[in-house]
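Novice: Attaching a predicted model along with its sequence, questions to come.
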Amino acid sequence: MLKKISLILFVFLTGCEYSNMDYETCPRVQIIRDNAYLTQVVNYREEFQINLIGYDGYCYYDRKIEQNKALIKPIFQIKRLRPSDETDVHFAFYTETVKGPPQYIGKKTHYAVATIPSDALEIEYTAPQVMVYVPEEYKYSYDINMGLVISPEERKYNHRTFDIEYRYYNK
């Protein structure tokens, strides 16, 4: 009986230790909030609000080139702010690495076009996956920054309106 209790106690304690382990993940994507939202203004009217809300991604080792790669699919929330017949929303986002060996450091711009039906107020859009090389020695500690490419005028507008959620769509 004492053996059974000891065994149960051992399994319980091992399970507790196992659940407290911190698993490292790859890729480690950091969404920069200052660059994660954008209000597109067309003809002095707010047309769309684009928010970078997350990502799907994984890393793998490419045996052909003997290199680790991170594949990332950014997820955006796009809201129609005014009635219009415009259905295509064009925008750009970036991936940026700031540490590691010099050949891995840099910023890359990616372009996306989301289609929002003319009768829809909001959609969730997953952009095509992008690839970032990951150095072996930093595999689980390699930060990849991601955000929207924002022009100086759009940044000024963002800072004036803050990070707000618009709810003034009129039919």
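Specialist: In hand now; what should we look at? Numbers count the residues shown, from 1 in each chain.
Novice: distance of Phe93 from Ile144?
Specialist: From Phe93 across to Ile144, the span is 12 Å (Cβ to Cβ, to the nearest Å). For glycine as for every other residue, the C-beta is placed from the backbone atoms N, C-alpha and C.
Novice: neighbour-wise, which of these two wins?
Specialist: Per other Cβ atoms under 10 Å, whichever of Phe93 and Ile144 has more neighbours is Phe93, with 23 against 20.
Novice: The more buried one contacts Ile150, doesn't it?
Specialist: No. Phe93 is beyond contact range of Ile150, at 9.9 Å (criterion: Cβ atoms under 8 Å).
Novice: Could I get the full set of helices for the chain?
Specialist: 2-19, 152-161 (DSSP state H).
Novice: Quick check: pLDDT value at Asp62.
Specialist: On the pLDDT scale, Asp62 is placed at 92.
Novice: ditto for Glu136
Specialist: 86.
Novice: likewise Asp88?
Specialist: Note on Asp88: pLDDT of 91.
Novice: Also Asn158?
Specialist: Confidence at Asn158, expressed as pLDDT, is 75.
Novice: can you tell me which residues contact it?
Specialist: Taking Cβ atoms under 8 Å, 6 or more residues apart in numbering as the criterion, Asn158 is in contact with Asp34, Tyr37, Leu38, Thr39, Ile150.
Novice: and the lengthiest strand in the chain, what other elements does it pack with?
Specialist: Using DSSP state E, we find that the single longest strand of the chain is strand 45-62. Helices and strands touching strand 45-62, by 3 or more Cβ pairs under 8 Å, 6 or more residues apart in numbering; DSSP states H and E, are strand 28-31, strand 37-42, strand 67-80, strand 88-97, strand 143-148.
Novice: For this structure, which residues score under the pLDDT cut-off?
Specialist: Low-confidence segments of the chain (pLDDT under 70): 1-24, 42-46, 161-171.
Novice: Quick check: bridge partners of the nearest residue to Tyr58 once chain neighbours are set aside?
Specialist: Take Tyr58 and drop its neighbours on the chain: the residue closest to it by Cβ to Cβ, 6 or more residues apart in numbering is Leu71, 6.0 Å away. On the basis of DSSP bridges, Leu71 is bridged to Tyr58, Met131.
Novice: same deal with Ile123?
Specialist: Ile78.
Novice: need the contact list for it.
Specialist: Gln77, Ile78, Ala114, Ile116, Pro117.
Novice: I'd assumed Leu52 was in contact with the second one.
Specialist: This means Ile78. No. Ile78 is beyond contact range of Leu52, at 10.5 Å (criterion: Cβ under 8 Å).
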